[in-house]
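Trainee: test case, fold it:
(one chain, ligands or ions: 1)
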Amino acid sequence: MNGYSNKTNVKPLHIGFDDTDSVNGRCTTHLSYLITKTLLERFQVEFLDLPLLVRLNPNVPLKTRGNGAVCLRIRGRSQTHHERIRAEIAQMIENYSEIGNGANPGIVFYENDTISNDLIQFSENAMDSILSKQLAIKIAKNNNIEFIGFGKEYGLVGALAAVGCTLNSDHTFETIAYRSEENLGTHRDTDWLRVKKLSEETYPYTYNNFDQKNFRVLITPHGPDPVFCGIRGEDPLLTSYFLKNLCIKEQLDGYMIFRTNQGTNLHLTREKSVQEIMPFMSGVINCKVISTPLTIKGGHVIFKIKDKFNKVLPVAVYQPTGLTKLVSLLHPGDRIEVGYGVHLKSENQLTLNLEYLIIKELVKTYEEKNPICNKCLKNMKSEGMNKGYQCKRCKSKNRSKEKLYIETERKIGCGLYIPEPIAHRHLTKPINRYGMEKSFDRLEILNIIKTIKWIEK
Ligand SMILES: [Zn+2]
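Mentor: Residues are numbered from 1 along each chain as shown. As a prediction, the model looks like this:
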């Protein structure tokens, strides 16, 4: 069920926007924080869901930093109230965005009790494919959705996909803290020991906030943008508890809790055959290893796979994933499942960049040895092709003996392997989330909105 209706006859207003930021700073989540403040303070609207932070296909080349879009689902007092809200938001987005500086924003406004199926479908496709602005506009028109684009209007795709993302299965939360104007561009001072301790204390209900293996703080970005830090986890109370106990020294502007598809592998849900694979898609493939993995310059590893239709593609595993040593132990014949992003290499060669690996079945491997002399119990020497063997010690010959194949130990096991946190995309499901996938309960979300402080201004 994806209904948002209630007893009033005012239909919910779903607001989506994307691509408001550029490499020079600014951030779509920060803009959504400013807009949410305005909606609560000036317009006193009711929120029907937490603000949604929707990450789209991370393998699309046209993106700024995170490829994240935002959706706000609200209800105002009346139709005319909604009209004033739309005008205000459009103005805020235009004023804030780095239009002409790398940002190509898109905004959509959708008034409906439910989310239409073609919109949901569009959103699902936006997680693992490349969608055109033209298709977004067509679907917007079919659904009577108001859309506004600036610059090249790339943001329309993400804006529409965010509105279509009901997030009614697995999801996570992120509490994002924002800096005040005067601190922008300065060093973010965090106490790494606190981050480490809080991440241990809240384990496994928070994730990717501290890299225990490499002792790295993962909550702070490094650019000039207004995000001080983001705490990712399973429970909005815990992510906010984590933030409050960090004892951040600088004066923050505030924070907001997002419901998000981060950490859910939503881009790696659909299996495609090699034939269907196109550049910049994301997906899953069950296949067989058909070449011995080769380590190339930089420590990266390449091997070839074949799908069930005997189509062949190379798989690349990059050094920072921390999986190169493991995959170099794969052997032709091994059955594996790969989560991947499709990249284009030179000469238009499609390559699957590995995002997770499941080893399903390992073939037996053998070492080849010459037969053993019956008298001396030593390996004999080959006399040449089909000429049999001779013992070096007693010189006895034997034409009927054959080579020995001795089973060797496989130094890897079946199972799931994922990259190190440092190599994670926003959508990557971390290892401790496997088995923790959440179901969705609208009443529970409404209860969160009513009972916890999800925005601090
Ligand atoms: Zn011998």
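
Trainee: so what are the domain limits for the protein?
Mentor: According to automatic domain parsing, the chain is divided into the following domains: 13-166, 274-364+410-424, 365-408.

Trainee: so how many other residues sit close to Tyr389?
Mentor: 23 (other C-beta atoms under 10 Å). Every C-beta, even on glycine, is put in place using the N, C-alpha and C of the backbone.

Trainee: ditto for the one 3 residues further on
Mentor: Number of residues near Lys392 (other C-beta under 10 Å) recorded here: 12.

Trainee: what's near enough to touch the spatially closest residue to it that is not a sequence neighbour?
Mentor: Spatial nearest neighbour of Lys392, chain neighbours left out: Lys381 (5.4 Å); criterion: C-beta to C-beta, 6 or more residues apart in numbering. Lys381 sits next to Asn370, Tyr389, Gln390, Cys391, Lys392 when contact means C-beta atoms under 8 Å, 6 or more residues apart in numbering.

Trainee: the fourth one reaches Cys373, doesn't it?
Mentor: It refers to Cys391. Yes: contact criterion C-beta atoms under 8 Å: Cys391 and Cys373 qualify, at 3.8 Å.

Trainee: list residues touching both of those two?
Mentor: Met380.

Trainee: circling back: the domains of the chain: which one's closest to Thr239?
Mentor: domain 13-166 (11.5 Å; C-beta to C-beta).

Trainee: related to what we said a few turns ago, among the domains of the chain, which is the most enclosed?
Mentor: Most buried of the domains of the chain by mean neighbour count (mean count of other C-beta atoms under 10 Å) is domain 13-166; its value is a mean of 20.

Trainee: show the average pLDDT along it.
Mentor: Taken as a whole, domain 13-166 has an average pLDDT of 92.

Trainee: and it, how far apart are its ends?
Mentor: This stretch, domain 13-166, spans 14 Å end to end (C-alpha to C-alpha, to the nearest Å).

Trainee: now it, how far from the centre of its chain.
Mentor: Its chain's average C-alpha position is 19 Å from that of domain 13-166, according to C-alpha atoms, centre = their mean, to the nearest Å.

Trainee: and what of stretch 435-449?
Mentor: 21 Å.

Trainee: tell me which residues in that stretch are buried?
Mentor: Lys438, Ile445, Ile448, Ile449 (16 or more other C-beta atoms under 10 Å).

Trainee: neighbouring strands for the biggest strand by length in the chain, and are they parallel or not?
Mentor: Longest strand in the chain, counting residues (DSSP state E): strand 349-361. Strand 349-361 pairs in its sheet with strand 312-317 (parallel), strand 335-345 (antiparallel), strand 415-417 (antiparallel), by DSSP bridges.

Trainee: which one of these lies nearest to Pro430?
Mentor: That would be strand 415-417 among the strands paired with strand 349-361, by C-beta to C-beta, at 11.4 Å.

Trainee: what lies in contact with the closest one?
Mentor: Against strand 415-417 from outside (C-beta under 8 Å, 6+ apart): Leu323, Leu326, Tyr356, Leu357, Ile358, Ile359, Ile431, Tyr434.

Trainee: repeat that for stretch 83-94.
Mentor: Contacts of stretch 83-94 (C-beta under 8 Å, 6+ apart): 13, 15, 17, 20, 31, 34-35, 38-39, 42-43, 45, 74, 76, 105, 107, 109, 146, 148, 150.

Trainee: again with stretch 313-329
Mentor: 274, 277, 293, 295, 298-305, 307, 338, 340, 343, 349-354, 357, 410-412, 417-420, 422-423.

Trainee: which single residue in the stretch 151-300 of the chain comes nearest to the ion?
Mentor: Per C-beta to the ion, Thr292 is where the stretch 151-300 of the chain lies closest to the ion, at 34.3 Å.

Trainee: give me phi/psi at the nearest residue to that residue once chain neighbours are set aside?
Mentor: Spatial nearest neighbour of Thr292, chain neighbours left out: Pro332 (6.4 Å); criterion: C-beta to C-beta, 6+ apart. Phi and psi for Pro332, reported as degrees, to the nearest 10, are phi -50, psi 130.

Trainee: would you confirm that Pro332 contacts Pro293?
Mentor: No: in terms of C-beta under 8 Å, Pro332 does not count as a neighbour of Pro293; the distance is 9.5 Å.
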